[in-house]
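> Requesting a structural model of the entry that follows:
(one chain, ligands or ions: 2)
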Amino acid sequence: QGHNIKGAEEGEIEEEEYFYNYPIQGFKEMMNRFQFKSYIQENMINKGGYLEPTPIQMQAIPISINKRDLIAVAPTGSGKTLAFLLPLVHRLSTKSEKEKNNSDIKALIISPTRELANQIHRQIKLLVPSKKIRASVLSKAKTSLKNQDPKNKKRIDILVATPLSLIYAIRAQEIKVDRVTQIVLDEADKLLEEGFLEQVDEILAECTAEGVQKVMYSATIPSMVEMLGNRIMKDPVKIVVGTQNA
Ligand code: ADP
Ligand code: MG
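Ligands and ions are numbered 1, 2, ... in the order given. So this is what the prediction gives:
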């Protein structure tokens with residue numbers, strides 16, 4: 001788990017620990033500390049009207065920016081969506097232009113329902129203009145991407161999808177997820193309740209890129225969620241806000 005400062009003085013290492021581990025104090029402080037792109041800053045304020053971070057956002061954001069795997073538990077309505085979206089869009093916004101322009105899917109957000117997937121998609125579009133970062137919701141009704149002219153192939157940076165639609169599209173070879181480097185499992189407790197465990201496993205098996213970051217968000221943490229996290233993740237950080245069974 002990496003300090004990438006070789007031969008750093010002790011003081012510098014402490015500084016780095018602070019950089020990624022210390023909760024954000026406010027959105028302004030977050031943007032300064034991690035050098036957020038100005039379009040994200042402006043949209044946060046003008047379109048989102050988000051003034052101060054919620055407790056889960058304060059804790060989860062630096063850890064996610066540090067590319068750690070994460071199991072985050074916080075009550076419904078506590079702002080979990082923004083907690084996973086901000087680090088995700090920040091990371092994509094700082095990728096080199098060349099990398100950004102390839103058509104590979106770079107981030108996958110798995111949600112138990114189509115309705116929730118649409119909500120997440122709306123929140124992404126609120127944060128970033130589509131010419132900077134392209135987000136899409138997968139739907140079975142969409143015309144197949146497979147037979148498209150490669151020149152017109154639609155670029156998708158972030159794909160939001162339910163497990164079943166994702167499996168369907170992967171099996172039909174309509175999408176490829178082998179270049180995905182960030183995966184979010186939203187409402188992990190619901191995902192398991194609905195019996196999506198096998199589908200999630202099948203999807204993860206297709207995400208074969210090196211160093212994939214996985215984060216899992218849930219309102220409750222039944223032992224199944226924790227077990228899944230520990231099984232699919234590498235040395236995950238666990239954050240719990242409020243009571244575990246709220
Ligand atoms: P959860 O996923 O934890 O149930 P959501 O992410 O759906 O919660 O957020 C609930 C509501 O709070 C949404 O309307 C969202 O836009 C709003 N919200 C999220 N973060 C903030 C914030 N920092 N300040 C103000 N409102 C916020
Ligand atoms: Mg949520």
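> who's in contact with Leu192?
222, 224-225, 228 (Cβ atoms under 8 Å, 6 or more residues apart in numbering). C-betas here are computed from N, CA, C, even on glycine.
> wait, is it part of a helix?
Yes: under DSSP: H, G, I helix; E, B strand; the rest coil, Leu192 falls within a helix.
> now the strands for this structure?
Using DSSP state E, the strands assigned to the chain run over residues 70-73, 107-110, 135-137, 158-161, 182-185, 213-218, 237-240.
> Put together CSV for those, with distance to ligand 1 on each row.
CSV is the format used below for these (distance: least, Cβ to the nearest ligand atom, whole Å):
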stretch, distance to ligand 1
strand 70-73, 10
strand 107-110, 12
strand 135-137, 16
strand 158-161, 14
strand 182-185, 11
strand 213-218, 7
strand 237-240, 13
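> circling back to that earlier point, quick check on the contacts of Leu192: which are buried?
For those, a neighbour count by 16 or more other Cβ atoms under 10 Å gives the buried set as 225, 228.
> returning to that earlier point: in CSV: the strands of the chain, plus mean neighbour count and mean pLDDT.
What follows is the strands of the chain, written out as CSV (neighbours: other Cβ atoms under 10 Å; pLDDT from 0 to 100):
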stretch, mean neighbour count, mean pLDDT
strand 70-73, 25, 97
strand 107-110, 25, 98
strand 135-137, 22, 96
strand 158-161, 26, 97
strand 182-185, 25, 98
strand 213-218, 24, 97
strand 237-240, 16, 96
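> now those strands in CSV, with distance to Glu193?
CSV is the format used below for the strands of the chain (distance: least, Cβ to Cβ, whole Å):
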stretch, distance to Glu193
strand 70-73, 15
strand 107-110, 14
strand 135-137, 22
strand 158-161, 18
strand 182-185, 13
strand 213-218, 11
strand 237-240, 19
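> any idea how far Leu127 is from Asp189?
25 Å (Cβ to Cβ, to the nearest Å).
> the more surrounded of those two?
Each of Leu127 and Asp189 has its neighbours counted (other Cβ atoms under 10 Å); Leu127 has more, 23 against 18.
> And the pLDDT at the more buried one?
With respect to pLDDT, Leu127 scores 97.
> thinking it is in contact with Ile40, fair?
Yes: with contacts counted by Cβ atoms under 8 Å, Leu127 reaches Ile40, the gap being 5.9 Å.
> so what sits against both of the two?
86, 89.
> What are the contacting residues of stretch 103-113?
So stretch 103-113 is contacted by 84, 88, 92, 95, 117, 120, 153-163, 166, 175-187, 190-191, 193-194, 196, 200, 203, 207 (Cβ under 8 Å, 6+ apart).
> What about Asn32, how many residues nearby?
Other residues within reach of Asn32, judged by other Cβ under 10 Å, total 12.
> And for Lys234?
Using other Cβ under 10 Å, Lys234 is surrounded by 12 other residues.
> near ligand 1, which residues of the chain show up?
Counting by Cβ under 6 Å from any ligand atom, the chain comes close to ligand 1 at 50, 52-54, 57, 74, 76-82.
> Determine which two of the residues you listed are furthest apart.
Glu52 and Thr76 (19.2 Å; Cβ to Cβ).
> need the helices for this structure, in chain order.
10-21, 27-34, 38-43, 55-65, 80-93, 97-101, 114-127, 163-171, 188-193, 197-206, 223-232 (DSSP state H).
> Could you save the ones you listed as a markdown table and add columns showing distance to Lys238?
Formatted as a markdown table, the helices of the chain follow (distance: least, Cβ to Cβ, whole Å):
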| stretch | distance to Lys238 |
| --- | --- |
| helix 10-21 | 14 |
| helix 27-34 | 21 |
| helix 38-43 | 27 |
| helix 55-65 | 10 |
| helix 80-93 | 14 |
| helix 97-101 | 31 |
| helix 114-127 | 22 |
| helix 163-171 | 23 |
| helix 188-193 | 12 |
| helix 197-206 | 19 |
| helix 223-232 | 8 |
